[in-house]
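>>> my questions are about this predicted structure, shown below with the sequence.
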Amino acid sequence: MSTGARFQFIRIDSNDQVRMASWIHHISRLTGAPASAAADSADPVFIWQLSAGNHRVLARSAAGFASVDATRRGIQSLLAARDTLVPRMVRLEASRGYGWVLLGEGAPVATCARWYAMERDRRESLRSAREAIELLAADPHHAGDALVAAGGDRE
């Protein structure tokens, strides 16, 4: 399922309030804590997303980064800590949505990309994300060879 998985960098411009609010809302609901951008409010925020070979998004960063380099370091930290990451299952009572968060040293480092209608879909999503992380850790070329999407150039 995770063959061809890769990390991509996503740039969210500060003036793109809809996209920024959507990302912050998703992270806040998953982690139970307010999410904030790592950069000054006038600067863009970078996040990573883990995509499968079929372009389905498997996971996203739980934090925003001030630069592509900082995002790349976040990916490297995730890969290095992969064996110690602890999943936390999340359920939205109002909508009955199911999600997950991966915790590293107690802090959220990765989240599901979306909410799932069924618990088994959440489990499969987490399994696919962890499998892709493991495969990318074994092949660092793919982990570091990500493209900057949504308004950025390859760096």
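That came through, no problem.
>>> please enumerate the strands of this structure.
For the chain, the strands defined by DSSP state E occupy 6-12, 45-51, 57-61, 86-92, 97-104, 107-112, 148-149.
>>> who touches residue 92 in this structure?
For residue 92, the contact set (CB atoms under 8 Å, 6 or more residues apart in numbering) comprises 29, 98, 99, 115. All C-beta spots, glycine's among them, are computed from the backbone N, C-alpha and C.
>>> same list (the strands of the chain) but as JSON lines, adding mean pLDDT and distance to residue 136.
As requested, the strands of the chain are exported to JSON lines (pLDDT from 0 to 100; distance: least, CB to CB, whole Å):
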{"stretch": "strand 6-12", "mean pLDDT": "92", "distance to residue 136": "7"}
{"stretch": "strand 45-51", "mean pLDDT": "94", "distance to residue 136": "8"}
{"stretch": "strand 57-61", "mean pLDDT": "96", "distance to residue 136": "11"}
{"stretch": "strand 86-92", "mean pLDDT": "94", "distance to residue 136": "18"}
{"stretch": "strand 97-104", "mean pLDDT": "95", "distance to residue 136": "14"}
{"stretch": "strand 107-112", "mean pLDDT": "95", "distance to residue 136": "12"}
{"stretch": "strand 148-149", "mean pLDDT": "40", "distance to residue 136": "17"}
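>>> distance of the residue nearest the centre of the chain from residue 47?
With distances taken as CA atoms, centre = their mean, the residue of the chain nearest its centroid is residue 60 (1.2 Å). Noted for residue 60: a distance of 6 Å to residue 47, by CB to CB, to the nearest Å.
>>> tell me the contacts of the closest residue to residue 125 other than its chain neighbours?
In this structure, residue 125 finds its nearest non-sequential neighbour in residue 112, 5.5 Å apart by CB to CB, 6 or more residues apart in numbering. Contact analysis of residue 112 by CB under 8 Å, 6+ apart lists 30, 59, 60, 99, 100, 101, 122, 125, 126, 129.
>>> neighbours of the closest residue to the residue nearest to the centre of the chain other than its chain neighbours, how many?
Closest residue to residue 60 apart from its sequence neighbours, by CB to CB, 6+ apart: residue 49 at 4.8 Å. For residue 49, the number of neighbouring residues by other CB atoms under 10 Å comes to 18.
>>> quick one: low-confidence ranges for the chain?
Within the chain, the stretches with pLDDT under 70 are 1-3, 35-41, 140-155.
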